[in-house]
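**Q** Compute the structure for the input listed below.
(chains A and B)
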Amino acid sequence: MTVQVNTELLGELKAFGAFDVSACFNCGNCSAACPVSADEVTFPRRIIRYGQIGDREHLLGSKELWLCYYCGECSETCPRQAEPGEFMASARRYAIASLDSTGISRLLYTSNLFTAFFMAGLTALLAVILLSTRGTMAVERPALFGFISAQAIHYVGTAAILIALIMMVVSVARLSRLFRRGSSSSDKQDETGGANVARRLTVAIGKVVADLATEKHHRSCTEEAQPWYRSRWFMHWTIMWGFIGLAAATTFDYLLLLVADKVPGQPVPLWHPIRLLGTVTGMLVLFGTLRALAARIRKPEKYSSHSLLSDWLFLALLLVATITGFAVEFAVYLPRGHAWSYVAFLVHVIVAIEVVLLFPFTKFAHAVYRPMALLMREMTRHKSLANS
Amino acid sequence: MSAGSSTGETVQQRLVFDALVVGGGIAGLQSAIELGDQGYKVLIVEKAPSIGGKMIGLSKVFPTLDCSSCICTPRMAAAAHHENVTIFTYSEVRRTERAGSRFQVEVVRKPRYVHEADCIGCRLCEYACPIHVEHEFEGNLGARKAIYVPFANAIPQLALVDLEHCVFCGLCEKACPTHAINFLQQPEEIAVEVGTIILATGYKMMSPERLKLYGGGRLRNVLTSLQVERLLAPHGPYGRVLRPSDGKAPSSIGYVQCAGSRDQSVGVSYCSRVCCMYAIKQAMLLSGSLPMVDITIYYMDIRAFGKGFEQFFQNAKAMGIEFVKAKVGRITEDENQNPVVRVEVMEQDGRVEERKHDMVVLSLGLLPGWDPSGVVPAEIAEDGFIRSADPLLAPARTTAEGIFVAGAAAGPKDIPDSIVEAGAAAMEAAIYLRRNGSSSNGDERAVNEQAAVVAQGRG
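**A** Residues are numbered from 1 along each chain as shown, chains lettered A, B, ... in the order given. From the prediction side, this is the model:
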């Protein structure tokens, strides 16, 4: 495939982070130092090369972008101090922005002013819709759904999930097309029967799920000697599994409404399985987000040295959602209703919906792109092994 | 004369020379000999217990593959026996003050705990000493005693005591036939007046401890290039090429180029100039001593820029030495202490490979050997090497008038270039002396004869 050199791509990428890969002399130290790069899956040097020559197609179609955890070893040992790790992070931001066809993601990453107005507008809009049901703040007992009706939350939430879902489906379709074009020709030669593909796919999915569940590769990124609960993979693990747990708790609760005729807001004991799941996973998210925010503030390692507003946004929303979530949980066990609990409830609902809505537009989208890239790696690896 | 070294007290002396050469490596020796040949009185101050610098420890030199000691030892002897050259080994320059066109210099002679005038270099003390210490000269691969003559062809052949490891058992004192051992010796300050100064302070190697991803100096079969020089030297620590962990003759050796050169992450952005060539040279010599060995050189660029260097490189390739264009990112070891290097091979689709060797050699970069700040009024440049006032037209001149620089003190340099520059520095120094009225037969003659006597006693 011929590639047209495009000198403007580097400039575009620079808007998404601080780095100077024009200093890179392609020695390959970064790829060799990287604990995740292995065999024919080589990065960051290859990806930097795509950036240098302006090969946008290959850059966006590189599964390698999503395999990097940014441990920072490449940046620390780069002989030219060209910040390969930061380049990978910036390229991921660029990819998220490029996969989103609305342009909102690009603006969130590159314009702080836009982000401020966008978030303020979205929050105001959601507040107006939710408050339009004109509920009351009952004092004699906590009645949260008397303040904002369960139906309003249901409809707004469903709309947000649908919007995010449609956006993600479009982006995923684009990314899989790019992946297929980006993968080398040798990967495509192997055209065996459908049954074989299905079997390979099953094996690959199994491996990806196992990898995600245990963060096996993330843990292979070497770190300073520190206890596991202070490590970076555990921080990420708590956010990821905490979030999945919260989503599951919400889904179960909704299913219970449908199946068991449960009334919204009906008090359940603290040891109720769904409540318990929500509490435990909420604590995981709280721990993870606080650790992540602390890392971004204190910058102890390379990976946290540059943060864009959009990176802060995601963590901040998660933190606010969890804290208000716990406030609400605490409030429902109080004998009386308090004004602060109703405000916390409103904030909690708004922020939770915003987290869902922003899914395709912020770094949160990696939760879909990364497993896709892992799957891609497993599939191509399987093929090359079968061929050899 | 008695220099007071046996009385244990500091004795002030005042000596006068035309030139002071700081550093007794190959560049310093060359400068001193060339000035001495013109009739100028020269003092060499060397911090190590022997002159010869780094070169005397090398096996052979590129691109001619001549024996290094066979070239260096005659130079050392020529300087040591030169009637106009005085050598203070195991000594350091502590302070310099400008006095008109001349300099007042304070030199400190470190105590050897052996009276130099009495020591005959018989080594009976060394044989008697029960303490074994890692030998710096052998790259810590061999052992020496706590009282020792620095190495076989050291000049002067005088013993010294390593007080850090000495247990004061007194066996050496009993063994010494001339009763030269004196544990009460003190450092001795000597005031010297000189007309000019040549800095030939050389280089030191990048420390492997600073290269974290290369094992930080903890992997036993990852050697430094200077250690391999010793392995290859005819009188080296093992007498043959073995790997340190288990004494196995390596059948596969990897060379890691640019280990601490052209690497801003360790603060060295320059090319060290000699590593490509010494790695190729060592690879050739290793192929000679281990006929079945496979050698791979991992490099970023091969810089074979000097006369005869490119042919040397082509010869190495023709000999079957493998050159892989890749910067090594990581070195680990397997359960048998075989080093494993991790590289990105860029040919075709490219892949990250882990290659196992029996032994890996780090082609370490060159760092400045000495910082003159506060001691000699010469400036250093951003890279830490001594700054040349005019790198194009007068590379041997420093920014301080009357002070010149030779060899690797001004920047990484191979032996031929160092010798050429040493000659240039000697010439610049001679011009400076003549311009400032120092003739080569000045009235200091009498004083210097006295110094020559002092130096003879000490070597």
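**Q** what does chain A have sitting close to chain B?
**A** A:25-34, A:37-42, A:45-46, A:73, A:76-81, A:184, A:186 (CB under 8 Å from any CB of the partner chain). C-beta: built from backbone N, CA, C; applies to glycine.
**Q** Out of the residues you listed, which end up buried?
**A** A:26-34, A:37-38, A:40-42, A:45-46, A:73, A:76-81 (16 or more other CB atoms under 10 Å in any protein chain shown).
**Q** picking up where we left off before, helices - which of the residues of chain A next to chain B land there?
**A** The members of those that map onto helices under DSSP state H are A:29-33, A:45-46, A:73, A:76-77, A:186.
**Q** mind putting these in TSV, distance to B:V16 included?
**A** Compiled in TSV, these are given as follows (distance: CB to CB, whole Å):
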residue	distance to B:V16
A:N29	54
A:C30	58
A:S31	62
A:A32	58
A:A33	57
A:R45	61
A:R46	66
A:E73	58
A:E76	54
A:T77	52
A:S186	79
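**Q** the domain parsing of the chain - what is it?
**A** Let's take chain A. A:8-99, A:111-185+A:192-387 (automatic domain parsing).
**Q** not quite, I wanted chain B
**A** Structurally, chain B divides into domains by automatic domain parsing as follows: B:14-111+B:186-202+B:369-458, B:127-181, B:206-366.
**Q** re earlier: farthest pair in the ones in helices among the residues of chain A next to chain B?
**A** The span of these, defined through CB to CB, is set by A:E76 and A:S186 at 33.4 Å.
**Q** Now the residue in chain A that chain B sits nearest to. Nearest residue, chain neighbours left out?
**A** Nearest residue of chain A to chain B (CB to the nearest CB) works out as A:A32 at 2.5 Å. Distances taken as CB to CB, 6 or more residues apart in numbering or on different chains put B:G329 closest to A:A32, at 2.5 Å, once the chain neighbours are dropped.
**Q** Likewise for A:F234?
**A** Nearest non-adjacent residue to A:F234 (CB to CB, 6+ apart): A:W228, at 5.6 Å.
**Q** Show the model's pLDDT score for A:M1.
**A** We have a pLDDT of 58 for A:M1.
**Q** for B:M76, same thing?
**A** Model confidence at B:M76, expressed as pLDDT, equals 97.
**Q** Tell me which residues touch it, please.
**A** When contacts are counted by CB atoms under 8 Å, 6 or more residues apart in numbering or on different chains, B:M76 touches B:29, B:51-52, B:56, B:153, B:155.
**Q** what residues are up against the residue in the stretch 251-400 of chain B positioned nearest to chain A?
**A** Distance from chain A to each residue of the stretch 251-400 of chain B (CB to the nearest CB) is smallest for B:G329, at 2.5 Å. The contact partners of B:G329, taken as CB under 8 Å, 6+ apart, are A:28-34, A:77, B:213, B:342-344.
**Q** how does it look with 10 Å?
**A** Neighbouring residues of B:G329 by CB atoms under 10 Å, 6 or more residues apart in numbering or on different chains: A:27-35, A:37, A:73-74, A:77, B:213-214, B:341-344, B:352.
**Q** Then B:F312?
**A** By CB under 10 Å, 6+ apart, the contact set of B:F312 is B:62-65, B:276-277, B:280-281, B:284, B:304, B:306.
**Q** Next up, phi/psi of the closest residue to A:A152 other than its chain neighbours, please.
**A** Here the nearest residue to A:A152 in space, its sequence neighbours aside, is A:T133; by CB to CB, 6+ apart that works out to 5.0 Å. With angles defined as degrees, to the nearest 10, A:T133 sits at phi -80, psi -10.
**Q** Same check on B:N436?
**A** B:N436 has phi and psi values of phi -100, psi 20 when expressed as degrees, to the nearest 10.
**Q** Burial check on the closest residue to it other than its chain neighbours, number of neighbours?
**A** Counting by CB to CB, 6+ apart, B:N436 lies nearest to B:S101, which is 4.0 Å off, once chain neighbours are set aside. Residues lying near B:S101 (other CB atoms under 10 Å in any protein chain shown) number 15.
**Q** do the same with A:P84
**A** The local packing of A:P84 (other CB under 10 Å) involves 30 other residues.
**Q** what about stretch B:152-164, how long is it end to end?
**A** For stretch B:152-164, the first and last residues are 22 Å from each other (CA to CA, to the nearest Å).
**Q** How about stretch A:296-312?
**A** By CA to CA, the extent of stretch A:296-312 from end to end equals 8 Å.
**Q** Quick check: neighbours of whichever strand or helix holds B:V21 in the sheet, parallel or antiparallel?
**A** Element membership of B:V21 [criterion: DSSP states H and E] is strand B:19-22. Sheet partners assigned to strand B:19-22 using DSSP bridges are listed as strand B:42-45 (parallel), strand B:196-199 (parallel).
**Q** For the following helix or strand past the last one, name the packing helices and strands.
**A** Beyond strand B:196-199 on the C-terminal side, the first helix or strand identified by DSSP H and E is strand B:203-205. Counting by 3 or more CB pairs under 10 Å, 6 or more residues apart in numbering or on different chains; DSSP states H and E, the packing neighbours recorded for strand B:203-205 are helix B:225-232, strand B:359-364, strand B:366-368.
**Q** mind checking how far the shortest one is from the chain centre?
**A** If I follow you right, that is strand B:366-368. Computed by CA atoms, centre = their mean, to the nearest Å, the chain-centroid distance of strand B:366-368 equals 11 Å.
**Q** can you check stretch A:63-70 too?
**A** Averaged C-alpha coordinates place stretch A:63-70 at 13 Å from its chain's average position (CA atoms, centre = their mean).
**Q** Same question for stretch A:372-385.
**A** Relative to its chain's centre, stretch A:372-385 lies at 22 Å (CA atoms, centre = their mean).
**Q** could I get it in CSV with only the CA atoms?
**A** As requested, C-alpha coordinates have been extracted for stretch A:372-385 and formatted as CSV (Å, rounded to 0.1, in the frame of the first residue of the first chain):
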residue,chain,number,x,y,z
MET,A,372,-11.5,-4.7,20.7
ALA,A,373,-7.8,-4.2,20.3
LEU,A,374,-7.1,-7.1,22.6
LEU,A,375,-9.4,-9.3,20.6
MET,A,376,-7.7,-8.2,17.4
ARG,A,377,-4.4,-9.2,18.9
GLU,A,378,-5.6,-12.6,20.0
MET,A,379,-7.1,-13.3,16.6
THR,A,380,-4.0,-12.3,14.6
ARG,A,381,-1.7,-14.0,17.0
HIS,A,382,-3.7,-17.2,16.7
LYS,A,383,-3.5,-17.0,13.0
SER,A,384,0.3,-16.5,12.8
LEU,A,385,0.7,-19.4,15.2
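**Q** can I get the helices and strands packed on strand B:203-205 in a markdown table with distance to chain A, mean pLDDT and mean neighbour count?
**A** Formatted as a markdown table, the helices and strands packed on strand B:203-205 follow (distance: least, CB to the nearest CB, whole Å; pLDDT from 0 to 100; neighbours: other CB atoms under 10 Å in any protein chain shown):
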| stretch | distance to chain A | mean pLDDT | mean neighbour count |
| --- | --- | --- | --- |
| helix B:225-232 | 18 | 96 | 23 |
| strand B:359-364 | 14 | 98 | 29 |
| strand B:366-368 | 16 | 97 | 23 |
